[in-house]
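1. the sequence isn't on hand, but the structure is:
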């Protein structure tokens, strides 16, 4: 792999992975604290350990990527196109959030907020998979849509998990773990890019 290309891709993969880890921490922590059972607290402690390991791994991989030779040339037309496409996807996602949440607010059925917002997030991963050439984002997007849909269809609106409504915590917890697994795969690919770039530079 070209050293400069490997550096850019590695940094991008690590950035995406660290963002997913942050999302995982928020989703998992909020869900397990809301469930508020002894088992949930034990799972939360174990999750902190695993996510902490992922954060540490992300820092190591990022340092390795930043140590590769940097380019002094402007971004290529292809890289500029990627940036513009990402901006369009992000903008569309924000508009979708606004529409979904205003519709929920009008209906007063706030239990739908976690599931419908996660579906929006899931949908936005499909174009990102193509833009960034990361096929696993398709799997992540599919699961971010499937977990909330199955929750809404298969679980009673009144069903409780510990001290929390299942409609609030099941989608968030499931998608949090999906995001953490996707992040781990991203860090693995980023480290592979760094290693290949180092080898080609020798």
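-> Structure received. These numbers were taken from a predicted model, which means no experiment stands behind them. Numbering: from 1, shown residues only.
2. any regions of the chain where pLDDT drops low?
-> By pLDDT under 70, the weakly predicted segments of the chain are 1-5, 71-73, 201-202.
3. so which bits of the top helix by length along it are buried?
-> If you go by DSSP state H, the chain has its longest helix at helix 166-201. Neighbour-count burial for helix 166-201 flags 166-187, 189-191, 193-194, 197 (criterion: 16 or more other CB atoms under 10 Å). All C-beta atoms are positioned from the backbone trio N, CA, C, and that covers glycine.
4. same question for stretch 86-99.
-> Quick answer for stretch 86-99 (16+ other CB under 10 Å): 89, 93, 96.
5. for that stretch, what is the distance to the chain centroid?
-> Its chain's average C-alpha position is 16 Å from that of stretch 86-99, according to CA atoms, centre = their mean, to the nearest Å.
6. can you name every helix or strand that the longest helix of the chain contacts?
-> helix 3-35, helix 38-66, helix 113-131, helix 136-154, strand 160-161 (3 or more CB pairs under 8 Å, 6 or more residues apart in numbering; DSSP states H and E).
7. residues in contact with residue 29?
-> 44, 47 (CB atoms under 8 Å, 6 or more residues apart in numbering).
8. do the same with residue 174
-> Residue 174 neighbours (CB under 8 Å, 6+ apart): 143, 147, 151.
9. separation between the residue nearest to residue 185 when sequence neighbours are not counted and residue 181?
-> Once flanking residues are discounted, residue 185 sits nearest to residue 136: 5.7 Å by CB to CB, 6 or more residues apart in numbering. Separation of residue 136 from residue 181 (CB to CB, to the nearest Å) stands at 9 Å.
10. same check on residue 146?
-> In terms of CB to CB, residue 146 sits 15 Å off from residue 181.
11. buried subset of the contacts of residue 174?
-> 143, 147, 151.
12. and which of the residues you listed is nearest to residue 108?
-> residue 151 (19.5 Å; CB to CB).
13. was I right about the closest one contacting residue 173?
-> No. Residue 151 lies out of contact with residue 173 (CB atoms under 8 Å); the separation is 10.1 Å.
14. between those two, what contacts are shared?
-> What both residue 151 and residue 173 touch, as defined by CB under 8 Å, 6+ apart, is an empty set.
15. for the nearest residue to residue 140 once chain neighbours are set aside, what are its contacts?
-> Spatially, and ignoring its direct neighbours in sequence, residue 140 is nearest to residue 182 (4.7 Å; CB to CB, 6+ apart). Residues in contact with residue 182 (CB under 8 Å, 6+ apart) are 17, 20, 136, 137, 139, 140.
16. so how many other residues sit close to the fourth one?
-> Meaning residue 137. The tally of other residues near residue 137 (other CB atoms under 10 Å) stands at 23.
17. and what of the last one?
-> By other CB under 10 Å, 25 other residues sit near residue 140.
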